[in-house]
Each structure stands twice: as C-alpha cells, then as structure tokens.
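S.K.: Give the three-dimensional model of this entry:
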Amino acid sequence: MGNRDTRVRGIAARAGGWSARHRWAAVGIWVLFVVLAMGLGSAAGTVELKDSDQLSGETGRAAAIAEEAGIDEPAGETVLVQGRDAGVKATSTEFRAAVDAVMKAVEGTGKVTDVTSPYDTDTISKDGRSALVQFDMRGDAETAGERVEPVLKAVEGVQKDHGSVLIEEIGGASMNKTFDDAFGDDFKQAEYSAVPVALGILLVAFGALVAALVPVLLAITAIVATMGLMMIVSHIQPMDDTSSSVMLLVGLAVGVDYCLFYLRREREERAAGRDPETALRIAAATSGRAIIVSGVTVCVAMAGMLFTGIATFKAMGLASLMVVAVAMVGSVTVLPAVLSLLGTRVEKGRIPFLHPDKRRKANGGAGNGRSGDNGSRFWTSVLRVVLAKPAISLVVAAGALLAIAAPALGMKTQNLTLDQEFGDSLPIVKTYERVNEAFPGGSDPAEVVVKAADINSAEVKSAIADFREQAVSSGASRGPVDVKVHDAQNVAFVYVPLVGGSNLDKAEKSLEIIRDEVRPATFGKVDGVEAPVTGQVAGSKDFNDQLVSAVAPVFAFVVVFAFLLMLLSFRSLTIAITSIVLNLLSVGAAYGILVAVFQHGWGASLVGAEGVGAIITWLPLFLFVILFGLSMDYHVFVVSRIREARMRGLTTRDAIQHGVVTTAGVITSAAVIMVAVFAIFGTLSMQSMKQMGVGLAAAVLIDATIIRGVLLPAVMALLGERNWYFPKWLNRLPDLSHDESPEAVSSPPPPAVEGERVRV
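M.R.: Got it, this is the predicted structure:
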C-alpha cells in the first residue's frame, strides 16, 4: 500500500492549521494581495498582442514588415453594385449613375479616402452584372468600425434612390461594426451570466445562502487578482481579449470547484459528529491536499500551451495557469480562515427543502452520519451493478466512448469563413457570398507584401508586373490583381483574389500555386526582395501548420508531467497509468462529439448549430489542454477518497464504493456548474463559440458520469490490490503522497500539531 504514516504534515495541513488559528490575518493578507495585484496591474497597464505576435510563418513575417516600415494598413471597404436582373449591366446608364452616386455619397461623409471607380480598376464581373467601388477608411484600422456608421447610412441612402440595382457595403470596418453590434453584448452577457448560474446551482447543492456565496466570492477574488497579475505579466508576454475570457471561464470553474470540495468535506465531517475545529482540520489534511495535487496538475496541463509557439495560445496558457494557481492558494489559505470565522453560521440562509438536513428528513433519515456512505442513492445503485460485473461494465462503457470518439479520426480543422461562422444570421453574410460569387476570392484576397532596397527599381517593377500576369495565367487568380506602392518605405502590397473564394480547400490550392510557382518565378529572381504571402487563407494555413507541429510536444509535455505528478502523489504506477488512459478517453469522446455535430452536422439542430464541414483550427489543442487539466480535478478527488478509505483498512472494493459514493454529490454539483457555464457559450451565434461551449460541456459531463462513475470503479475493481502497485526501484522518487488523516470512527481526536499522529 505504500506509506501508512498518518501524521498531519504537508503544505495543505499546515496552511489550513495556520489559517484557522490566525483567521483575521489570513483574510487580511488575501484581501491585501487581491487589492495590490489589481492596483499594480492597473498602474502597469496592459500590453496587447500585435498582429506580428499573433501570426506565424509567412503571415507573421508579412505583418512584421509592415510594422517595421511604420505602415498601418487602413480598413478597406467595398460597395457591391449589382444588377437585379440579367438586363442591367455595368455598361447601362442606370448602373453608371448608381456607381457615381455611391462614390459621391461615401466621399461626402469625410470618413473615407482613395475612392476608386470600378471602371478605372476593372473590378467588373465577367458577366457584367456586378462592380465594386473600393475605398479606405480614414484613421486607425482597428477602430474604423466605430466610424463607419455614416458611410453605411450614405450607401443605404443611395440604394433607396436606385431600385434597379442592389447596393451593399462590406469590408473590415463594416464587418467589425456588425459583429460588435450583434455579438459584443452577447459575449459580455455570457460572461456576466456565468456567476449567477454558478451561484444558483450552489444554492441547490448546499441549501444555504452563505455556504453558496463562499465559493463564488473566492472564485471572483481569484479572478480579480489574476486580472491584475495578467496586466503585469503582459509586459513580458502580451495578452489579448481571448486570454481574458478563457481565464474567466477557467477561474470560475476551478475556483468554485476547489471551494466546493473543501466546504463539502468540512460539512460532511461536522455531520458525522466532529466539532468545527476537528472537521476543518480533517478537511485541510484531505481535501486541501487533494486541491494542491489537482491544482498543480491543472497548471502543468495549462503550461502545455506555452510550447505551441503561438502567442495567443501562450497568453491563454499563462492566464489560465495563473488563475488556477491563485484559486488553489486561496482555497488552502483564506478558505479555512473564512470557514473558521463563520463556524456554524456557514449554514445561515437555509432554503426550505434544499438543505441536506431537510432532505435527510424527507428521505426518512437516510444516512448514517459516517461520511455520507449513503449520500447518493443513484450512484450507490450504479456502483452495485458496476462492482458486481466490472468486466462487463468496462467493456460496455469503454466501447460506448470509443464509438463516440470514432468520428474524431476524420477531424478536419480550419479557420472558419464568414458564412461558416455566422450562417444566415447576419445580412452581411449574404453580401459576402454575393461578392465571392461575382469576384471569387475578392472579399478575402491573398496579400503579397513586397520589400526591396528600392521598390521603384526596374527589376522590382518588372517582377511585380510579371507576378500580376502569372498569378492570372497560372489559374490561381482571375484578377484583378491590384498593387499599392509605399515609395518612402520601399514596400508594396499586391492583392490577389484567389480562385476558390470562400471554399478554403480550393483557395489553399491557389495559394500553393502563388507561393510555390508564381513567386519563385518572379520575385525569386530578384536579389534582396522579400515577398511573404498573407491574408485569411494564408493565415489559416500557416496557423494550422504551426499547430500541427506543436501537437506532439504539447501532448508529450502534458501527458508525461501529469503521469509523473499522479505517480508521485499516489505512489502507484497503476493509478498513474489508468489516470492518463481514462483522461485520454474522455478527451477523445469530446473530439468525436465535436466532429459529429459540427463537421458532419449530426444532431446539430439540437444545439442550435449546423454542420460547417470543419472544426475551428485552435479548438482541438485548446480542448485537450483544458479538458486534461479539468478532468484531473475529479480524478484526484475520487482516487484520493478511495485511497484514504483503503488506508483506513477497508478492502479495495469497499474503498471504491466508499470513495465514489461519498464524492458523487460534490462532483455532480461541480460538473453541473461547469456544464452550465460552458453551455452558455454554446448558445452564442458564432459557430466557433458554439463548438467550444458544446465540446467543453460534453466532455465534463462524460467525465463526471461515465468515466468517474463507471469506468474508474470498474477498472479499479478488476485490478484489485494491483491498484497500489509501486515497484521498489521507484522508491527513490520524491514522496508527494497525500496526507489524508484516517477518518475518526470513535470520539473525535484532539487538535493535532506539527508532527503529531492523528489517533484513530
């Protein structure tokens, strides 16, 4: 079995004991830490990720060239003028009048520059029914969406006066404004509603207002402190809005979970007859220790994102790691102080029929007061079947999850195009589709950033001309290929509409021709010229390529370190191996659900989604890291309770029964909170957010039910005493095993001090 030393030792027990004895000091230090972190962070300010930081490969180099040259590309806008029937062509009088009216209207706003006529730039479709009026927004491209409203209204005014043609605007500024109007509040609402949802579920779980508020308040303070720390750290690793949103989600999930596990154990011990001081001490030595092991494991998983080499992932990983660490420290330091201060007042604000005491009476006094062995009738019934037929249970449950995971073998990842991301929910999507149909690739052209010692030299000018001609003759583009030269900076931008348009598979083939054939045959012949190709299609491909190269190191890092932590924490080779296998099965099942729903469209309507043929590029690796970390939460707490019971002398089978049933209630509550919070993001209109929300919610649900309630007990029952196998040659490894104090079965033991044995 390993180490049977039951002395109260270790960081968690010492921290909990000190906190309980110095209650006001512990609370004061925590409040001071939160205030200082936020204050120093606000004073330091946030360094935002730049485009050149976020992008990789050629796209990153292209952004860097523009930044080094001090060129801020303006937000480009396009107005589509299209005949409503085949008879209305670009050569007709009414069509020309509409084009002239559009140009005059947008120029009259004073918000635009470089307005070009389709008759000058040859941006007229092959069938002659469509033409593009193009211009740039004045000022910073990132804030152009805030200034585009007058331009949109001017274009709408022209449409009213020219009914024979369709006049619609699309571009970076107009799309940003549309998204902000449609989904800006949506995101905020989702983030803000997460806290009330968590509080509501905790009220049901605890049946008392004060007990429900404690986890939420600790999670919120941990999130606030981490916000301040993120601002400080951003001067080393720049941050973005995505990392803040992920931090909030992860912080709320683990912050509430850790408090929930600690508080439920303390309450459980009091219900078993312990005095508050003893109950708190046992909770510190058991749940507190499990929180540290779980927290370190989650931090290791989050650190895996740092190995991607992608700035956005590194920011998300660092933010998530920090909030988990802060929540973990708060749970084992200030939480014991708060519980010690509250004492039995933690049960204040009882809600009729929801408090455990009321439920026990309603069930005729079910429960014997011994750590809640009868705490869950449902899981007791499930465990009875699983432990009676562990082999059959293992085959059925594992077979079901492997079947669910099977679609993941055909997973396809890509950055979603506008129509994939939003479907028909926004009018601008229809405009996007019409532009792409009339001018394939015109709405998202590839962009070649040409840098030379002298951009106006004869050689470079000839190379640009040859490139424009070969881009079309090679079949990669149907034109027109536009060029914008910045003489002072010796940089030129060449815009190439790719054949394939919004179909990324076809567009990537066109991109490949541009990069591998046309560019070497033109710019490649001029010494000293750089010509990286960027744009949406190029960005998607480069991002995908870098993620693929990062999968192996991230996977290896997370799995190996999680394995080592479980091995050192439980002193069992078997537990470490089964932990990794079960977590991988959980992640695989989540992948399978994602592919089935969002790639193939099976049952997509049930979650308000649609099959878009692909999974957003960043999601698989993100899900792996997040789920692997969060899954360890449940696993550590269940296995800790099983090990604790086994150390008390129970047989392995009885220890499994005890461990699963006594943790079932708290894990169910924690899982319901996570599923509810993640499901909120599944209600957003963006397909990428739906994918993230559904993937996380499904994985947590599978993990808390099939994995922890069926597979884990079935595997452990089959292994029996081999669960605790730890080869002698591994004894040289550091001992990080738990400090669980065996549950007192007679009179409560006296308060323990450092090094004192807890008598049974």
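S.K.: which stretches of the stretch 551-700 of the chain form strands?
M.R.: For the stretch 551-700 of the chain, applying DSSP state E, counting those that start in this stretch gives strands covering 615-616.
S.K.: So which elements touch the one helix or strand residue 243 maps to?
M.R.: Assigned by DSSP states H and E, residue 243 falls within helix 241-271. Judged by 3 or more C-beta pairs under 8 Å, 6 or more residues apart in numbering; DSSP states H and E, helix 241-271 is in contact with helix 185-206, helix 209-233, helix 276-283, helix 289-303, helix 311-342, helix 619-647, helix 652-682. Every residue, glycine included, has its C-beta placed from N, CA and C.
S.K.: any idea of the mean pLDDT in the third one?
M.R.: In this case it means helix 276-283. Mean pLDDT, helix 276-283: 82.
S.K.: Stretch 12-23 too?
M.R.: Mean predicted confidence for stretch 12-23 is 83.
S.K.: Name the residues of that stretch that are buried.
M.R.: For stretch 12-23, the neighbour count (16 or more other C-beta atoms under 10 Å) marks 12-17, 19-20, 23 as buried.
S.K.: Same question for stretch 543-556.
M.R.: 543-544, 546-547, 550, 554-555.
S.K.: With stretch 393-409 instead?
M.R.: 393-394, 396-398, 401, 404-405, 407-408.
S.K.: Just put those residues in CSV and tack on secondary structure and pLDDT.
M.R.: Formatted as CSV, the buried residues of stretch 393-409 follow (DSSP: H, G, I helix; E, B strand; the rest coil; pLDDT from 0 to 100):
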residue, secondary structure, pLDDT
393, helix, 93
394, helix, 94
396, helix, 95
397, helix, 93
398, helix, 94
401, helix, 94
404, helix, 94
405, helix, 93
407, helix, 93
408, helix, 91
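S.K.: And the residues you listed, which is closest to residue 433?
M.R.: Ranked by distance to residue 433 (C-beta to C-beta), the buried residues of stretch 393-409 are led by residue 407 at 28.1 Å.
S.K.: Show me the two of the buried residues of stretch 543-556 that sit farthest apart.
M.R.: Largest pairwise distance in the buried residues of stretch 543-556, by C-beta to C-beta, is 18.0 Å, between 543 and 555.
S.K.: State the number of residues packed around the closest residue to residue 233 other than its chain neighbours.
M.R.: Once flanking residues are discounted, residue 233 sits nearest to residue 318: 6.4 Å by C-beta to C-beta, 6 or more residues apart in numbering. Burial of residue 318 is recorded as 23 neighbouring residues (other C-beta atoms under 10 Å).
S.K.: Model confidence score at residue 318, please.
M.R.: Looking at residue 318, its pLDDT stands at 91.
S.K.: who's in contact with it?
M.R.: Neighbouring residues of residue 318 by C-beta atoms under 8 Å, 6 or more residues apart in numbering: 230, 233, 237, 243, 305-306.
S.K.: Residue 227 versus that one, what's the distance?
M.R.: According to C-beta to C-beta, to the nearest Å, residue 318 stands 13 Å off from residue 227.
S.K.: before we move on, what about residue 87?
M.R.: Distance, residue 87 to residue 227, by C-beta to C-beta: 60 Å.
S.K.: The two: which has the busier surroundings?
M.R.: Taking other C-beta under 10 Å, residue 87 and residue 227 do not tie; residue 227 has more neighbours (22 against 9).
S.K.: Mean pLDDT per element in this structure, and the minimum belongs to which helix or strand?
M.R.: Lowest mean confidence among the helices and strands of the chain (mean pLDDT, DSSP states H and E): helix 356-362, at a mean of 51.
S.K.: In the helix or strand just after it, which residues are buried?
M.R.: For helix 356-362, the following helix or strand on the C-terminal side (DSSP H and E) is helix 377-388. Neighbour-count burial for helix 377-388 flags 379, 382-383, 386-387 (criterion: 16+ other C-beta under 10 Å).
S.K.: And stretch 259-275, by the same measure?
M.R.: Neighbour count says stretch 259-275 has 259-272, 274 buried, by 16+ other C-beta under 10 Å.
S.K.: so how far is residue 310 from residue 65?
M.R.: Counting by C-beta to C-beta, the gap from residue 65 to residue 310 is 20 Å.
S.K.: no no, residue 177
M.R.: Applying C-beta to C-beta, the value for residue 177 to residue 310 is 28 Å.
S.K.: same thing with residue 93?
M.R.: Distance of residue 93 to residue 310, computed by C-beta to C-beta: 53 Å.
S.K.: Counting neighbours, go ahead and name the busier of the two.
M.R.: residue 310 (23 against 7).
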